[in-house]
Each structure stands twice: as structure tokens, then as C-alpha cells.
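*Asks:* here's a sequence, model it:
(one chain, ligands or ions: 1)
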Amino acid sequence: MEEVLAATFGQPGSGKLDFNSASKDAMAGRLRDALARNGVPMAEPQLQKLVADILNFRDTPPRSGLIADFNQLIGDVEALEAFNVGWAFLHELDHVVNDSSDNAGLDETGECESHINAMRRECGLPSRAEYFFKFFPAADQSDFRTRFVRIAFDKTDAKTNKRHRYWVTWDAVIVGGLQVATAR
Ligand SMILES: [Zn+2]
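*Replies:* Take a look at the predicted model:
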């Protein structure tokens, strides 16, 4: 999966498609080739829906997903590596390819994120522990304009079998998530 992404979307100036400015046709073409090359054939309507979803994710402010700006996230390095625009993209990809859902209760991740968590573990990154963000204790009653929220990520140390918890934190006023009660 990562190879597909790396082969498909690169940085500006590297000769690879620039994710931030690519047209729908360019993205569909690049994705079609990359998926085929990596042995992931996709029917054309499915591919078109995927590209539409990706562009919607990229272009709609605030993004259809939870996070409007990944640059505004703060937190533990381990958790930030497990929760960036690449993982958000994979999340959207999984919805389309596996028709997975985000139905999740409190302290659950839902079907889609459980797939993404398996990939995170393959990469040695902590797993997302919950689908819904939580307010910092009392943050929702604060008079401050900021509304800090956070999502937990867990990783079990292979040697000690001890679980470590990492956090991604953001101000929901700036970054989003308050109007949309659910993250996509
Ligand atoms: Zn989702």
C-alpha cells in the first residue's frame, strides 16, 4: 500500500504528481497505473469514485474528514507519524476499496480504522485506540476560545509487553471537528 502511494504521489519538483495541484484526470491516470503495477486492479467506476473522494478530501474546506489542517496537530511524535495526511488518505482509500464503515462506539475504532491500524502495526507505529476524539478534561466547559481535543494511540513494547500511550492533540476551533461530530 505504501509503495502504491509513494509511487503515485510525490513532492513537487521530483517529477512525480503533486498531490496538491493534480487534476482529476491526472490523478486517475496515475492511480490507475500504480494500482495495476502493484497488482491491485480496480474497476473504472470504483477508481473514479476513489479519485472524487480524494479530491473532495483535498479541496473541501473544512475537509470532509475531521482534520482541516494536519500542520496544526501537536502531540507525541509516534502518534503524529501514525496520524498524518498519508494515513488519512489510506483511510479514505479503505472506505472505497473495502467498503468499510466507521461505525464505532466509544473507545472503539470501527472497521475502517481497524484495517488502517493493521498497516500502522506493520510500519511499527502505534495503533489508533479510538475513533472519536475526546475533549481534554473540562475543555468543553472552558471559557477560552480554544477547544483542545485529542485521540489516543497505543503501542505495545515487544520486549516488555508494556503498553505505551501516545496522543495527537489539536484545537478543534482552528482545525475542525466541532461541527462535524464524527470523523470520516
Ligand atoms: Zn472514515
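
*Asks:* what sits against residue 76?
*Replies:* 153, 166-168 (CB atoms under 8 Å, 6 or more residues apart in numbering). Placement of C-beta: from N, CA and C, glycine included.

*Asks:* most surrounded residue in these?
*Replies:* residue 153 (26 neighbours; other CB atoms under 10 Å).

*Asks:* so where's the protein shaky on pLDDT?
*Replies:* Within the chain, the stretches with pLDDT under 70 are 1-20, 57, 60-68, 138-145, 176-184.

*Asks:* per the record, what domains does it have?
*Replies:* Following automatic domain parsing, one gets these domains for the chain: 1-59, 70-184.

*Asks:* and of the contacts of residue 76, the nearest to residue 112?
*Replies:* The nearest member of these to residue 112, counting by CB to CB, is residue 153 at 15.9 Å.

*Asks:* residue contacts, that closest one?
*Replies:* So residue 153 contacts 76, 78-79, 82-83, 125-129, 165-168 (CB under 8 Å, 6+ apart).

*Asks:* how far away is it from residue 105?
*Replies:* Using CB to CB, to the nearest Å, residue 153 is found at 18 Å from residue 105.

*Asks:* do residue 161 as well
*Replies:* 26 Å.

*Asks:* and residue 75, backbone torsions?
*Replies:* With angles defined as degrees, to the nearest 10, residue 75 sits at phi 140, psi -160.

*Asks:* ok, what's across the strand from it?
*Replies:* Beta bridges link residue 75 to residue 168 when assigned by DSSP bridges.

*Asks:* so what's it up against?
*Replies:* 150, 166-169.

*Asks:* the contacts of residue 153 in strands, which ones?
*Replies:* The members of the contacts of residue 153 that map onto strands under DSSP state E are 127-128, 165-168.

*Asks:* which of those lies closest to the ion?
*Replies:* residue 128 (11.5 Å; CB to the ion).

*Asks:* give me the buried positions along the longest helix belonging to the chain.
*Replies:* In the chain, with assignment by DSSP state H, the single longest helix is helix 44-59. Neighbour counts over helix 44-59 (16 or more other CB atoms under 10 Å) mark 47, 50-51, 53-54, 57-58 as buried.

*Asks:* related to what we said a few turns ago, a markdown table please, covering the ones in strands among the contacts of residue 153 and showing distance to the ion.
*Replies:* Shown next, in a markdown table, are the ones in strands among the contacts of residue 153 (distance: CB to the ion, whole Å):
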| residue | distance to the ion |
| --- | --- |
| 127 | 16 |
| 128 | 12 |
| 165 | 23 |
| 166 | 21 |
| 167 | 20 |
| 168 | 16 |
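
*Asks:* return the set of buried residues in stretch 86-106.
*Replies:* Result for stretch 86-106 [16+ other CB under 10 Å]: buried residues 87-97, 100, 102, 104.
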